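> Okay, predicted coordinates and the sequence, questions at the end:
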Amino acid sequence: MHPQLRAPIKLTLCVTNTCNLNCIHCYSDCTREPDPRELTTVEWKRFIDHLVENKVMQAFIEGGEPFFRSDFLEILEHCSRRMNLIVRTFANQITEELAERLKELKVGLVCVDLLGARPETHDAHVGTRGSFELGIKGARNLVAAGVPIYTLMILTRRNISELQEYVDLAHALGATKAAALRLYPLGRSKRRWDELSLSLPEMMQALQSVKVPEGFRFIHSWHPNDGNSCYQMSCVSPFGKSIGCPYLREYIDLGDVREKSFVDTWHDPLWTELRSGNVSDSCSQCHDTQGSVGGCRATAFAFHGRWDAPDPYCAQMNQGVDLQRLPQQLFWKKPWVQE
Amino acid sequence: MEFDLKQRFGKMPEAVVRDADEWDCAVIFQPDTPRLCMLNATAWLVYELCDGRSLASIEAAYATLFGNKISKEEARVQATSGIQQLLAFKLIEPVSRKVSNRSR
């Protein structure tokens, strides 16, 4: 069982569902124009004050594309020096000046999304020609300004053959590490699952064949690193909903932080149970590396339809689940959460 | 690294400290670094003792808090090691006199 914290140490803030790209897999079904139901600047600031008062010590900020939100720097300024800040971005808007500003604001880390190691692969994924070049330029601006970066690549059928090139590119960029992320059946990705998804053996073979440059780190969340990190984290959506984890966005609604204390939503019975580590099966090797049991709750629920199920992305807990075939209930039950 | 026993140590200003009793540790955010650090119970104890007192005083207090179940030499080794690590993570700094607790 996992220890129960009185409030999370870390929180993901999904500040917007807007983006200047048009990703084929977009989990949030992002748009160019903001939905009027997104939290306002004042509401985000009030919420951040609540987090600071409750000693939530790290904000992982993502979107959509956070820098596409016109008041994003104002929100960052409000967090600055009060919490550890990590920002996830495609980096295509990071100019030299903006990189310097992020350094001044004490942003501790920027995670740069790459969806391939080659321009044609990345640009096809994000539906925007030229975005790879801009993202690489942005990443270089961050490194030059002294803002640590690490890169993320969601593994899909379209980019898996470039995994080694991606790791080498991240190393060459001066990233502190490169990460491979699994594809989640959310938003557009769910609707294009047949086209984008991979089998577990394909993914494992690719991950295991990566040659990591000396002194560099390559991380991923498949066996033996499949953690159930929900137990120390939580997440709030652009609409102010407490959703536990960004990857649970279609499954969970623990309450609106405009109407209810966020810390109260942390103690919601469902979320407390999901953090407990009370699962029907677990992998001892993943437990040893992650200090948690059962693996990711979002993919466990997506493929099994129950919260205490084992995560099929771990080779030891897969139980014969075909990861290229989504359960029909994911479509006919949608959405669990009404935005 | 050798320290003068008269050298005083204090916490870096603006640090945010959260006791995570559930994990038997403390989580510290140091804005200037900026990063989160997790201190185990021993390091946390040394950190709390860094209130501007001297290394000799930290070692003595450390030994006392262990109920004198460890030798003075062992207390010196553990406290000095803790000081070195806390300095490396920029969570404490040498100071010239006793200071009030400046962490949040």
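Perfect, thanks for sending it.
> contacting residues around A:I48?
Going by Cβ atoms under 8 Å, 6 or more residues apart in numbering or on different chains, A:I48 touches A:A59, A:I75, A:H78, A:C79, A:R82, A:M83. Bear in mind the C-beta positions are built from the backbone N, C-alpha and C, glycine included.
> Could you measure from the residue in the stretch 151-300 of chain A that chain B sits nearest to over to A:G138?
Residue nearest to chain B within the stretch 151-300 of chain A: A:Q232 (8.7 Å; Cβ to the nearest Cβ). The gap separating A:Q232 from A:G138 is 30 Å, by Cβ to Cβ, to the nearest Å.
> How about the residues of chain B by chain A?
B:14, B:16, B:18, B:20, B:22-23, B:27, B:29, B:31-36 (Cβ under 8 Å from any Cβ of the partner chain).
> Buried ones among these?
Buried members of these, scored by 16 or more other Cβ atoms under 10 Å in any protein chain shown, are B:V16, B:R18, B:A20, B:W23, B:V27, B:F29, B:P31, B:T33, B:P34, B:R35, B:L36.
> Please convert those residues to TSV, extending it with pLDDT.
Shown next, in TSV, are those (pLDDT from 0 to 100):
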residue	pLDDT
B:V16	94
B:R18	95
B:A20	90
B:W23	84
B:V27	96
B:F29	96
B:P31	94
B:T33	90
B:P34	93
B:R35	91
B:L36	94
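> Filter the residues you listed down to the ones in strands?
Under the assignment DSSP state E, these contribute B:V16, B:R18, B:A20, B:V27, B:F29, B:R35, B:L36 to strands.
> Look up how far B:A15 lies from the last one.
It refers to B:L36. Using Cβ to Cβ, B:L36 is found at 11 Å from B:A15.
> list residues touching both of the two?
B:I28, B:F29.
> Low-confidence regions, chain B specifically.
B:1, B:98-104 (pLDDT under 70).
> Could I get the full set of strands for the chain?
Defaulting to chain A. Taking DSSP E to define them, one finds strands in chain A at A:10-14, A:58-62, A:84-89, A:107-113, A:149-154, A:178-181, A:218-220, A:233-236.
> Let me rephrase: I mean chain B.
In chain B, the strands defined using DSSP E lie at B:8-11, B:16-20, B:25-30, B:35-40, B:51-54, B:92-95.
> residues of the fifth one that come out buried?
For strand B:51-54, the buried set under the neighbour-count rule, 16+ other Cβ under 10 Å, comprises B:D51, B:G52, B:R53, B:S54.
> will you turn those into CSV that also has distance to A:F239?
What follows is the buried residues of strand B:51-54, written out as CSV (distance: Cβ to Cβ, whole Å):
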residue, distance to A:F239
B:D51, 45
B:G52, 48
B:R53, 50
B:S54, 54
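> Grab the two from the residues of chain B next to chain A that are most spread out in space.
B:E22 and B:D32 (27.5 Å; Cβ to Cβ).
> for the lengthiest helix in chain B, the distance to its chain's centre please.
Counting by DSSP state H, the longest helix found in chain B is helix B:72-88. In terms of Cα atoms, centre = their mean, to the nearest Å, the gap separating the centre of helix B:72-88 from the centre of its chain is 9 Å.
> Could you list every helix and strand that that helix packs against?
Here helix B:72-88 touches strand B:8-11, helix B:41-49, helix B:55-65, strand B:92-95, going by 3 or more Cβ pairs under 8 Å, 6 or more residues apart in numbering or on different chains; DSSP states H and E.
> Now do the second one against strand B:16-20, angle only.
Interaxial angle, helix B:41-49 versus strand B:16-20 (axes from the mean of the first three to the mean of the last three Cα atoms, to 10 degrees): 140 degrees.
> in stretch A:169-177, what counts as buried?
By 16+ other Cβ under 10 Å, the buried positions in stretch A:169-177 come out as A:L169, A:A170, A:H171, A:L173, A:A175, A:K177.
> what's it in contact with?
A:109, A:112, A:114, A:117, A:136, A:139-140, A:143, A:148-151, A:178, A:213, A:216-219.
> ok, now with 7 Å
A:117, A:139-140, A:143, A:148-151, A:178, A:213, A:216-219 (Cβ atoms under 7 Å, 6 or more residues apart in numbering or on different chains).
> ok, residue 20 - contacts?
No chain was given, so I picked chain A. Contacts of A:N20 (Cβ under 7 Å, 6+ apart): A:E65, A:F68.
> nope, chain B please
Per Cβ under 7 Å, 6+ apart, neighbours of B:A20: A:L5, A:I9, B:A26, B:V27.
> quick one: the last one and B:R18 touch, right?
Yes. Under the criterion of Cβ atoms under 7 Å, B:V27 is in contact with B:R18, at a separation of 4.7 Å.
> Mind listing the shared neighbours of those two?
A:M57.
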